[in-house]
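>>> predicted model and sequence follow; I will ask about them next.
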Amino acid sequence: VRVCLQLLDRDCRGFTLLQWQQSPEEVGSSALVKGRGRAPVRVPLVPDGGAVVRYRGAFHVFVIEIDMGTVTLQRMELRYRGYWKCWKAGGALTRCGLAPVRVLTLTRL
């Protein structure tokens, strides 16, 4: 993903890769998510990468999750709910400014 974004930055007019983060310290956070019929649980949100890009003057934030089949569907659901909760609470605004945030999930077949 990083290489693709760097190539776009080099070759695509109007596209700029502003930031790439990959270390857990840079991209990690957590959210308190209510479990199904259970008490709220703190869910670690440590994506495999994160990017901030500018395309035609607009800023966009991408959280990258790479699914290799090692995490259960229930755990992934909690993680996605955690991303949603973090976004609703303004976490992306605090970290990245006012920009749309998308969770890009890559998976194997």
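Happy to help now that I have it. Numbers count the residues shown, from 1 in each chain.

>>> now do the phi/psi pair for residue 39.
phi -70, psi 160 (degrees, to the nearest 10).

>>> how much space separates it from residue 25?
28 Å (C-beta to C-beta, to the nearest Å). The C-beta positions use only the backbone N, C-alpha and C, and glycine is treated the same way.

>>> only alpha carbons, please: show the longest strand along the chain as PDB.
Counting residues, the longest strand found in the chain (DSSP state E) is strand 58-67. The C-alpha coordinates for strand 58-67 follow below in PDB (Å, rounded to 0.1, in the frame of the first residue of the first chain):
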ATOM      1  CA  ALA A  58      -9.000  17.700  -0.200                       C
ATOM      2  CA  PHE A  59      -7.400  15.800   2.700                       C
ATOM      3  CA  HIS A  60      -8.200  12.100   3.300                       C
ATOM      4  CA  VAL A  61      -7.100   9.700   6.100                       C
ATOM      5  CA  PHE A  62      -6.800   6.000   5.500                       C
ATOM      6  CA  VAL A  63      -6.400   3.400   8.200                       C
ATOM      7  CA  ILE A  64      -5.000   0.200   6.700                       C
ATOM      8  CA  GLU A  65      -6.000  -3.300   8.100                       C
ATOM      9  CA  ILE A  66      -4.400  -6.400   6.600                       C
ATOM     10  CA  ASP A  67      -6.500  -9.500   7.300                       C
END
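
>>> and it, what does it pack onto?
strand 49-55, helix 73-88, helix 91-96, strand 101-107 (3 or more C-beta pairs under 8 Å, 6 or more residues apart in numbering; DSSP states H and E).

>>> what residues of that strand count as buried?
61, 62, 63, 64, 65 (16 or more other C-beta atoms under 10 Å).

>>> possible to save those as JSON lines with distance to residue 54 and pLDDT?
Output for those, formatted as JSON lines (distance: C-beta to C-beta, whole Å; pLDDT from 0 to 100):
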{"residue": "61", "distance to residue 54": "11", "pLDDT": "88"}
{"residue": "62", "distance to residue 54": "12", "pLDDT": "91"}
{"residue": "63", "distance to residue 54": "17", "pLDDT": "91"}
{"residue": "64", "distance to residue 54": "17", "pLDDT": "93"}
{"residue": "65", "distance to residue 54": "22", "pLDDT": "92"}
